[in-house]
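J.: just coords:
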């Protein structure tokens, strides 16, 4: 049990979420239009909408619950906030998927490269923050 207490859930969550986000952004840079195609597929499939909402809800809840709110620790506050945002987004996806995915299709059509670069920077920042805390 003592070993489990030494695991820094905040650092691991930040590093893993950051690495996932970073890899997704790199994939989108390598294959322009990838995110637009993915969102289009999800928009057309109620089963994918449900699965995406469920996965995001579970991941967001795990991140939210694993990170305490400690004002002196900015990374725990960021991770808890991200978990909460993911929960809200998952519920929006489940309740309003037709509007939500249509919004993202329009948005990606005009600003795909901007979103990819912002995602890349965000993923890199989370990864570095998590790794720095693990070191």
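T.: Nice, I can see it. Here the structure is a predicted model, which means the values were calculated and not measured.
J.: drop to CA atoms for contacts and neighbour counts, all remaining ones
T.: Noted.
J.: run the chain-centre distance for the helix or strand that contains residue 57.
T.: Using DSSP states H and E, residue 57 sits in helix 46-66. Its chain's C-alpha centre and that of helix 46-66 lie 10 Å apart, by CA atoms, centre = their mean, to the nearest Å.
J.: helix 46-66 and the helix or strand following it, what's the angle between them?
T.: Counting by DSSP H and E, the next helix or strand C-terminal to helix 46-66 is helix 74-134. Computed by axes from the mean of the first three to the mean of the last three CA atoms, to 10 degrees, the angle separating helix 74-134 from helix 46-66 equals 90 degrees.
J.: what is helix 74-134 packed up against?
T.: Packed against helix 74-134 by the contact rule (3 or more CA pairs under 8 Å, 6 or more residues apart in numbering; DSSP states H and E) you find helix 9-30, helix 34-43, helix 46-66.
J.: how about these in CSV, adding mean pLDDT, mean neighbour count and distance to residue 113?
T.: Listed next are those as CSV, based on pLDDT from 0 to 100; neighbours: other CA atoms under 10 Å; distance: least, CA to CA, whole Å:
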stretch, mean pLDDT, mean neighbour count, distance to residue 113
helix 9-30, 96, 20, 8
helix 34-43, 91, 16, 10
helix 46-66, 96, 18, 23
